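**Q** after the sequence you'll find the predicted model.
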Amino acid sequence: MTLHRLSNNLRSKLSSISVDIRKHVVPLTLTLSGVFLLAFYFIPFWRPGMLPIGTALATLFGAIPGLISEKSRGRWIYAVVGTAFVGLLQWYSTSELEDRLKITGNELHKAQLLREDVKNFTIPSDGKLFVNLASVLDREWQTSVLARQPSQRDYGHIDEITSFMLSVDPNNGHALYYNGQEKRARKMLGSSQEDFFKYLEVEHGLPDSERGGSTLRKECYDRAKGFCKQRTAWIQHLLANDFIEEAKITKGCASFQTAREYAKQALANYNGEFHGDGQGIPTMDVLRMSDDGLKSCAHGT
């Protein structure tokens, strides 16, 4: 009798707990679902991480009928609600993906139109477009690169402008120069040198009216094509530094000779040398080091 009474009491308590669970499980699940849906709608960057939570809630919906209803009708209701919940999530996710694909498609179409426009673009005869762009490049270089720590530099605007300029005029001196400077700042020495070599190649074939004049940097920014003595000399000075550094490591006679030639050209164009802070090895020092290196080459040492 005692065991029978204990068994009845246990069943009664379990039944009471079951009733309590049934009373709270639906409100709790609905509350969680409501919070989830609000967060899913208003906080877009949470959506990827919240999809598994939604799946878990949908699974909980599927388990509710067995917890709270012994009638088949009640089970059908909760099964339908759970299915609708999953369907809503899938529909919203698919709809958002379609919207993103449409946006991407529109951006690609715009990019294609821009490329076609650039192909047919003609430079205004007064050259003001590239003069203005050169001024913007100079300002961006000063504020977004030189004025910042290396880890905080922003080359985005410079890339956009130089890409456009080179699309219109592949031989533009402003674009070639800033492309080379940017790559050098980003430790892409070989690629930087390619831009500088092309600059010098184009510059060599221009008439004096488009590449000569004074050694003031202003001379470059007044010209649409972007060539001037000061810029040319600076590029030659940088290349002289590159080759003397290479020669110091390899002891290669050809590197000493190339460094010497660039140093002499820089000195001739600038009527002086570059020797300021951050300008590398002074041009005259490069010339002396090159001469010493070539003497060693001549003596076979």
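**A** Right, received. Where do you want to start?
**Q** how about low-confidence regions in the stretch 101-250 of the chain?
**A** 101-126 (pLDDT under 70).
**Q** kindly recompute the last result at 50.
**A** Applying pLDDT under 50 to the stretch 101-250 of the chain flags residues 103-104, 107, 110-111, 114.
**Q** can you map out the helices along it?
**A** Applying DSSP state H, counting those that start in this stretch to the stretch 101-250 of the chain gives helices spanning 128-140, 156-168, 173-185, 189-204, 208-211, 218-221, 229-250.
**Q** same for the helix or strand following the longest one, what does it pack against?
**A** Sequence-wise, the next helix or strand beyond helix 229-250 is helix 253-270, with elements assigned using DSSP states H and E. Packing partners of helix 253-270 (3 or more Cβ pairs under 8 Å, 6 or more residues apart in numbering; DSSP states H and E): helix 229-250, helix 283-298. Quick note: C-beta positions are derived from backbone N, CA and C, even for glycine.
**Q** thinking again about what came up before, any chance of the helices of the stretch 101-250 of the chain in CSV, with distance to L146 and mean neighbour count too?
**A** Shown next, in CSV, are the helices of the stretch 101-250 of the chain (distance: least, Cβ to Cβ, whole Å; neighbours: other Cβ atoms under 10 Å):
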stretch, distance to L146, mean neighbour count
helix 128-140, 10, 16
helix 156-168, 12, 16
helix 173-185, 9, 23
helix 189-204, 16, 17
helix 208-211, 25, 14
helix 218-221, 16, 17
helix 229-250, 14, 21
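**Q** adding distance to A134, write the helices and strands packed on helix 253-270 out as CSV.
**A** Output for the helices and strands packed on helix 253-270, formatted as CSV (distance: least, Cβ to Cβ, whole Å):
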stretch, distance to A134
helix 229-250, 11
helix 283-298, 25
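**Q** right, and these - which one's nearest E182?
**A** Of all the helices and strands packed on helix 253-270, helix 229-250 sits nearest to E182, with 13.2 Å by Cβ to Cβ.
**Q** give me the helices and strands touching the closest one, please.
**A** Judged by 3+ Cβ pairs under 8 Å, 6+ apart, helix 229-250 is in contact with helix 173-185, helix 189-204, helix 218-221, helix 253-270, helix 283-298.
**Q** tell me the angle that helix makes with helix 173-185.
**A** 30 degrees (axes from the mean of the first three to the mean of the last three Cα atoms, to 10 degrees).
**Q** just to check, G280 is in contact with L238?
**A** Yes. At 6.9 Å, G280 counts as touching L238 under the criterion of Cβ atoms under 8 Å.
**Q** gap between the residue lying closest to L137 once chain neighbours are set aside and S144?
**A** Closest residue to L137 apart from its sequence neighbours, by Cβ to Cβ, 6 or more residues apart in numbering: Y178 at 5.2 Å. Here the criterion is Cβ to Cβ, to the nearest Å. By it, Y178 lies 12 Å from S144.
**Q** same check on F130?
**A** In terms of Cβ to Cβ, F130 sits 20 Å off from S144.
**Q** same check, this time on A266
**A** For A266 relative to S144 (Cβ to Cβ), the value is 27 Å.
**Q** thank you, goodbye.
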